[in-house]
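In: Here is a sequence with its predicted model. Questions after.
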Amino acid sequence: MNADSETRAEFHSTAFVWQALQCVVALVALLLAALPAALTAILVWSSLGRPLLFRQLRSGLGGRPFTVVKFRTMHEARDASGQLLPDSARETSLTRLIRRLRLDEIPQLMSILDGNMSFVGPRPLLPTTIAAFGGLGQVRGSVRPGLTGWAQVNGNTCLTDKEKLALDLWYVDNRSVLLDLRILLLTVSVIVRGERVCDASLRTARAHLAARSGRVAVDTLPVNRHIT
């Protein structure tokens, strides 16, 4: 076995152990989350009524579709032409708080148990969105989608889709157990402090994306970006 083969074997072995450990942690987390989940269900019912859960087909590892289940946080209000109103217009103050605290994600612990998701990875997107990314979408889908990710701790809803893609691809090419642990800690910080754009991470991710695409990186991000 040559050095490259040994390195790949060691990486896959570490990834297997890490995924197995995540399943154990997800099982424990599900038990601990029983009461918060029950309270969240009551809040969703009082704010939006039934159904309590939102289900949608998303793209998983290798593009394999699977169903994401979350607590519902938006109603189905539409404009005169029948189009759904923007997300911000379909939330209530209560469901906005549920999203801020990530309580709507609790049912996705089941997706970690069944192997469709990890705690950390690019968020699962619609198959049509992944297809629109072309080859970069295939790279993004080469790892399991996650409950939280590099894009989520570096700005999330404050970012454009292109910025999220750049951060996701940087994560895919630099992922490690230590990076996952760092992202989990940063996720706690985001829950407490709110979402903030990290310019340094964005600059690195954009340069990485440009290098990956064989182009010269041109960083146009301002030093002091608007922070929400």
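Out: Arrived safely, thanks for sending.
In: Tell me where this structure has strands.
Out: Applying DSSP state E to the chain gives strands spanning 53-59, 65-71, 118-120, 146-148.
In: what's the closest of these to Thr129?
Out: Minimum separation from Thr129 across the strands of the chain (Cβ to Cβ) falls at strand 53-59, 7.6 Å. Every residue, glycine included, has its C-beta placed from N, CA and C.
In: What are the contacting residues of the closest one?
Out: Strand 53-59 has contacts (Cβ atoms under 8 Å, 6 or more residues apart in numbering) with 65-74, 107, 124-127, 129-130, 137, 141, 145.
In: Pull out the buried residues from it.
Out: Neighbour-count burial for strand 53-59 flags Arg58, Ser59 (criterion: 16 or more other Cβ atoms under 10 Å).
In: Identify the neighbouring strands of it in the sheet and state each direction.
Out: Partners of strand 53-59 in the sheet, by DSSP bridges, are strand 65-71 (antiparallel).
In: Check the offset of the strand it pairs with from the chain's centre.
Out: Put simply, strand 65-71 sits 12 Å off its chain's centre (Cα atoms, centre = their mean, to the nearest Å).
In: May I have that strand as PDB, with CA atoms only?
Out: Taking Å, rounded to 0.1, in the frame of the first residue of the first chain, the C-alpha atoms of strand 65-71 are listed here in PDB:
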ATOM      1  CA  PRO A  65     -32.500  12.800  -2.300                       C
ATOM      2  CA  PHE A  66     -33.900  12.500   1.200                       C
ATOM      3  CA  THR A  67     -36.700  14.100   3.100                       C
ATOM      4  CA  VAL A  68     -35.800  16.900   5.600                       C
ATOM      5  CA  VAL A  69     -38.100  17.300   8.500                       C
ATOM      6  CA  LYS A  70     -38.300  20.500  10.500                       C
ATOM      7  CA  PHE A  71     -40.800  22.200  12.800                       C
END
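In: Leaving out chain neighbours, which residue sits closest to the residue most central in space within the chain?
Out: Residue closest to the average C-alpha location in the chain (Cα atoms, centre = their mean): Arg123, at 2.7 Å. Once flanking residues are discounted, Arg123 sits nearest to Gly149: 5.6 Å by Cβ to Cβ, 6 or more residues apart in numbering.
In: And the one you found, what's its pLDDT?
Out: At Gly149, the pLDDT value in this model is 97.
In: show me what contacts it?
Out: Listed by Cβ under 8 Å, 6+ apart, the contact partners of Gly149 are Val120, Gly121, Pro122, Arg123, Leu167, Asp168, Tyr171, Ile183.
In: Show me the helices in this protein, by range?
Out: Assigned by DSSP state H, the helices in the chain fall at 3-32, 34-48, 87-90, 93-100, 109-113, 127-132, 135-140, 161-174, 177-193, 199-212.
In: and the last one with helix 161-174, angle?
Out: Angle, helix 199-212 to helix 161-174, by axes from the mean of the first three to the mean of the last three Cα atoms, to 10 degrees: 80 degrees.
In: now for helix 199-212, which elements pack on it?
Out: When contacts are defined as 3 or more Cβ pairs under 8 Å, 6 or more residues apart in numbering; DSSP states H and E, helix 199-212 packs onto helix 161-174.
In: circling back to that earlier point, would you reformat the helices of the chain as JSON lines and include distance to Arg55, mean pLDDT and mean neighbour count?
Out: Output for the helices of the chain, formatted as JSON lines (distance: least, Cβ to Cβ, whole Å; pLDDT from 0 to 100; neighbours: other Cβ atoms under 10 Å):
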{"stretch": "helix 3-32", "distance to Arg55": "18", "mean pLDDT": "80", "mean neighbour count": "12"}
{"stretch": "helix 34-48", "distance to Arg55": "14", "mean pLDDT": "96", "mean neighbour count": "15"}
{"stretch": "helix 87-90", "distance to Arg55": "17", "mean pLDDT": "86", "mean neighbour count": "12"}
{"stretch": "helix 93-100", "distance to Arg55": "17", "mean pLDDT": "93", "mean neighbour count": "16"}
{"stretch": "helix 109-113", "distance to Arg55": "11", "mean pLDDT": "95", "mean neighbour count": "20"}
{"stretch": "helix 127-132", "distance to Arg55": "15", "mean pLDDT": "95", "mean neighbour count": "14"}
{"stretch": "helix 135-140", "distance to Arg55": "22", "mean pLDDT": "94", "mean neighbour count": "16"}
{"stretch": "helix 161-174", "distance to Arg55": "23", "mean pLDDT": "96", "mean neighbour count": "20"}
{"stretch": "helix 177-193", "distance to Arg55": "24", "mean pLDDT": "95", "mean neighbour count": "14"}
{"stretch": "helix 199-212", "distance to Arg55": "31", "mean pLDDT": "93", "mean neighbour count": "17"}
